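Asker: Any chance you could fold what I've pasted below:
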Amino acid sequence: MEMPLVSIIVPVYNAQSHLSRCLESICGQEYKNLELIVINDGSKDKSLPVCEEFRKKDSRILLVDKANSGVSDTRNLGLKLAGGKYVQFVDSDDYIAPDCYQYLHTLLEEGADIAECDFVETERNDAVFGTDAGEISFYTPLEAMRCHIRDTAFRQLIWNKLYRRETVGDIRFPVGTKIDDEFFTYRVLGNAKRLVRSTRKLYAY
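Answerer: Have a look, this model is predicted:
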């Protein structure tokens with residue numbers, strides 16, 4: 001049986017120094033049924049050629065080159081283009097563990113709408129990811145919102161979560177605000193029926 005399609009949205013703006021590491025980590029996932037939506041938001045450096053090289057090597061990459069309109073508008077375009085059952089956002093200066101989607105997809109298949117993992121903060125390309133099963137906890141939307149307000153879990157970080165596409169629905173990022181994560185996260189949390197969180201570190205920020 002074919003695994004569900006996962007859409008990964010990567011906004012790119014002047015990210016040439018970190019971009020290869022980011023895209024390598026996604027293309028090298030153990031979970032193979034991926035749709036990688038890379039959107040160059042009018043970069044002035046060599047980000048676009050880096051993206052084009054990766055597209056030549058991996059047919060799962062959909063590359064869009066557009067005039068600069070900001071990260072919120074760029075992410076919204078990614079959501080419009082996404083065709084997967086599941087969606088994740090990855091920032092172009094971050095990278096993920098090789099088993100990130102294999103693990104988070106398994107959690108969602110347990111009947112959750114949003115799966116959250118822990119993350120590593122690093123300035124380098126050699127982050128140590130978790131290899132244990134992690135502590136797994138399920139939440140109701142109300143419990144998740146309480147954690148969100150207290151900033152203990154389900155924080156206003158969009159990139160350490162895998163979402164069911166239907167849970168995101170027509171929710172979009174507000175264009176023109178400085179903190180778009182906050183306006184997006186709490187609304188999507190409220191759309192979920194069940195959420196799951198693991199303490200396993202799978203994302204390098």
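Asker: Identify the residues contacting the residue nearest the centre of the chain.
Answerer: Compute the mean C-alpha point of the chain, and by C-alpha atoms, centre = their mean the closest residue is Phe89, 2.3 Å away. Contact partners of Phe89, counting by C-beta atoms under 8 Å, 6 or more residues apart in numbering, are Ile8, Ile9, Val10, Pro11, Arg75, Gly78, Ile158, Trp159. The C-beta positions use only the backbone N, C-alpha and C, and glycine is treated the same way.
Asker: try 7 Å
Answerer: Ile9, Arg75, Ile158, Trp159 (C-beta atoms under 7 Å, 6 or more residues apart in numbering).
Asker: Could I get the full set of strands for the chain?
Answerer: Using DSSP state E, the strands assigned to the chain run over residues 6-12, 34-41, 61-66, 86-89, 95-96, 114-120, 136-139, 161-164, 195-204.
Asker: I'd like those as TSV, with mean pLDDT and distance to Val175 appended.
Answerer: Listed next are these as TSV, based on pLDDT from 0 to 100; distance: least, C-beta to C-beta, whole Å:
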stretch	mean pLDDT	distance to Val175
strand 6-12	98	13
strand 34-41	98	12
strand 61-66	98	14
strand 86-89	97	16
strand 95-96	96	26
strand 114-120	96	23
strand 136-139	96	30
strand 161-164	98	20
strand 195-204	96	25
